[in-house]
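**Q** Sequence below, structure please.
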Amino acid sequence: MAKKLTRQPKSRAAESSEDGVNPGAHLEQVRNILFGENLRTYEERLARLEKHLMQEHGELRDATDARFDALESHLRQELGAVSTRLEGEGVTRTETLKSLTREFRETLKTLEKRVDKLDDGTSKMGTDLRQHTAEQIKALSVQLREQSNTLSTLLERKFEELRTEKADRMSLAAVFAEMATRLSDKKDSSK
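**A** Sure thing, here's the model as predicted:
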């Protein structure tokens, strides 16, 4: 909507004094009359577009934050579940190891009682029986050590798997962070 100017006849002296004081003022008024409405329209459009882009940027940032929060929560839950499972397995294996140790001790005590009874009978039989018991104890000790080593190896392998899973999740988080940075850089460069 352009303003209409009605030109009032001026005296020559008044025109020359206005032109002498500020020659660009008339030119600015003419520009404002000719292009002022278009400039205001474009400025309004640009302001609306900027507001819309800022709103979309905020929504995208909020959505990305929500997704990262959900991912972090999920990762924490998974890590907690794996830790609980490993702790449960560790407790179960420890209890099993204690039970086996008790059984071995009871077996050892039983064998020692038998040895004592047989020792009363004959010394040769007692000596043979002691040697046999000692061999069984050694074999049981070896077996116990092997089982303990096997359990330790299994626990170490589980802990390593847990570390690997955590590292994979950390890599995934780094990829998402890099992707967010690139999207942000791309948006900034498109402005």
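**Q** Would you mind measuring from residue 77 to residue 184?
**A** 29 Å (CB to CB, to the nearest Å). (Each C-beta comes from the backbone N, C-alpha and C, glycine too.)
**Q** Neighbour count for these two, which is higher?
**A** Set residue 77 next to residue 184 and count neighbours by other CB atoms under 10 Å: residue 184 wins out with 14 against 10.
**Q** Average pLDDT for the helix or strand containing the more buried one, rounded please.
**A** Residue 184 belongs to helix 123-190 when elements are defined using DSSP states H and E. Helix 123-190 carries an average pLDDT of 83.
**Q** And it, how far out from the chain middle?
**A** The chain centroid and the centroid of helix 123-190 are separated by 23 Å, computed with CA atoms, centre = their mean, to the nearest Å.
**Q** Flag every buried residue along stretch 137-146.
**A** Neighbour counts over stretch 137-146 (16 or more other CB atoms under 10 Å) mark residue 140 as buried.
**Q** What are the contacting residues of it?
**A** Contacts with stretch 137-146, where a contact means CB atoms under 8 Å, 6 or more residues apart in numbering, come from 100, 101, 104, 107, 108, 111.
**Q** List only buried entries from the residues you listed.
**A** For these, a burial check counting by 16+ other CB under 10 Å picks out 104, 111.
**Q** Can you tell me which of the contacts of stretch 137-146 is closest to residue 38?
**A** Distance to residue 38 across the contacts of stretch 137-146 (CB to CB) is lowest for residue 100, with 91.0 Å.
**Q** Please report how far that closest one lies from residue 156.
**A** Using CB to CB, residue 100 is found at 20 Å from residue 156.
**Q** and if you look at residue 140?
**A** Note on residue 140: its distance to residue 156, by CB to CB, is 24 Å.
**Q** next one: residue 36
**A** Going from residue 36 to residue 156 by CB to CB gives 78 Å.
**Q** Which other helices and strands does the longest helix anywhere in the chain contact?
**A** The residue-count maximum for a helix in the chain (DSSP state H) belongs to helix 23-121. Applying 3 or more CB pairs under 8 Å, 6 or more residues apart in numbering; DSSP states H and E, we find helix 23-121 packed against helix 12-21, helix 123-190.
**Q** orientation of that helix relative to helix 123-190 in degrees?
**A** 170 degrees (axes from the mean of the first three to the mean of the last three CA atoms, to 10 degrees).
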